[in-house]
Structure formats: structure tokens, C-alpha cells
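A.B. asks: coords please:
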Amino acid sequence: MFIKSIASNFKPHEATPYYMKIPAIKKLERIDLTNPVTIIVGENGTGKSTLIEAIAVNYGLNPEGGGKNFNFATKHSHAGLYEEIRLGKMGVPSDTFFLRAEGFYNVATEIERLNAIDGRLLNSYGGKSLHDQSHGESFLALLKYRFRAKGLYILDEPESALSPMRQMSMIVRINDLVKRGAQFIIATHSPIIMAYPGADIIQLNDDGYERIDYRETEHYIVTKAFIDKPEKMIETLLE
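C.D. replies: Residues are numbered from 1 along each chain as shown. Just a heads-up that it's a prediction; the model follows:
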């Protein structure tokens, strides 16, 4: 547990930044992390990616993704929220990485650029260019080869490139790393990833945020209802 809590440290604003218009962010006080795996869930627009980006950047990671030594930028678009939160820290991880699905192509490109200088960097990613693999394969290569014991990993919607079976493979790999001292903070829509046993699930919504049980999440409820009666659900949707 390298990050034990996330707390607000809001400053006066001359003009209200967009993230302060998001209820879960505006009402942020303190979230204690009590498990090596924290899952942040919520509908689109509830602030998941905004919050997870702020955590990563506050910790010193590149806003577009990558490890500690990644400092490339294709567009300066990250929110200033990272300056207005405090992270309760404990110890120093052996490794860190910020994965945001929407920008992983740029991270893979940066890895190739750095490998052209060093020549050994790709070995940390399985020895094969991430651009020469499918999106899902490159994500799994990152999990398998790059992530290590006692590391801190912050992931934004990692399921976007993974099939349901591959998401299950991801859970297995996360569990292996957690047993060896790693910590994960994950924003996701995937009811499969949310099912990681014992994970802290923090739900962001229009009322703020709350700690919630897996089976109480809208993702679980809607997915189960659809799988139980897909024809009825489709009929209702298309009426």
C-alpha cells in the first residue's frame, strides 16, 4: 500500500475549473484506501478519469501515461486537479506506471523512441514492439512483462482493449502481483474487473462518492439483468 488515502486540498479559484463542476470531485474530502486493489466506478462524466489522472500526476507520473521517466507530451490537456489533492503515501514502490487506454498508442510510440536510444528497453515489454501487436496483446504484454512485484500501477479503463477472457487473464495477473506487494488503482466500467475479490469499490455519482459492494454497482445489476433475459431487455430498449 503505497497510497493510503486521497484527500482534497482545494484552493480559491477566480474562475471555476471544469472539474469543480463534477459533483464527486467538488464534494471530495478524503477517501481511504484499505485494500491493495481499489476500483473506481461510475457513469460517463462522473469524474473517474479526471480523478485517476490527478492521482497519477500528483504522484509524479506523466499525464499521458508511462513510467516515472516518461515525460513526452502530445497535448497539454490534463486538469489542474492534481495540484489540489493530497495523497497519503507510505513507502516507495519498486516500479510505477500509469496506463490510460485512450493514450496508449502514444506511450507505445515513446517506448520505441526510447528503445532506439537504449536498445534494451523493449526487453521490459517482452522484446517485441507494442505496435506490432494487437491493442489487447500489447496491454497484456505490459501486465506480463513490465509490471513487477512491489509496484504501484494506476490504470484508466484497461478493459477497453480486452475481451472478457482476457479481462479474466488480467485479474489473474493482478492477483499474482498483489501477492508480491503491488498496489493497483483502477478506473473501469468492466463488471469482470470489478469482481476482483476484496477490492475497494468507490462509486462516483451525482451525489458525490461512496464505498459500495460489487453486487450493488449499476454495472453488475444491468449486466446481470441483460444476461438473464437478453431478449426481454432488447425488446424493452427498442420499444
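A.B. asks: you'd agree residue 36 is up against residue 183?
C.D. replies: Yes. Under the criterion of CB atoms under 8 Å, residue 36 makes contact with residue 183 at 4.9 Å. Yep, even glycine has a C-beta here, placed from its N, CA and C like the rest.
A.B. asks: so what's in contact with these two at the same time?
C.D. replies: Contact criterion CB atoms under 8 Å, 6 or more residues apart in numbering; residues shared by residue 36 and residue 183: residue 1.
A.B. asks: Between the two, tell me which one has more neighbours.
C.D. replies: Neighbour count, other CB atoms under 10 Å: between residue 36 and residue 183, residue 183 has more, with 24 against 21.
A.B. asks: ok, now how distant is that one from residue 165?
C.D. replies: Remark: distance between residue 183 and residue 165 (CB to CB, to the nearest Å) = 25 Å.
A.B. asks: Ranking helices and strands of this protein by mean pLDDT, which lands last?
C.D. replies: One helix or strand of the chain scores below all others by mean pLDDT, DSSP states H and E: helix 104-118, with a mean of 77.
A.B. asks: Report the backbone C-alpha coordinates of the helix or strand following that one in PDB.
C.D. replies: Next along the chain after helix 104-118, taking DSSP states H and E as the criterion, comes helix 135-141. The C-alpha coordinates for helix 135-141 follow below in PDB (Å, rounded to 0.1, in the frame of the first residue of the first chain):
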ATOM      1  CA  HIS A 135      -4.200  -3.400 -28.800                       C
ATOM      2  CA  GLY A 136      -5.200  -6.200 -26.400                       C
ATOM      3  CA  GLU A 137      -2.000  -8.100 -26.800                       C
ATOM      4  CA  SER A 138       0.100  -5.000 -26.100                       C
ATOM      5  CA  PHE A 139      -1.900  -4.400 -22.900                       C
ATOM      6  CA  LEU A 140      -1.300  -7.900 -21.700                       C
ATOM      7  CA  ALA A 141       2.400  -7.700 -22.600                       C
END
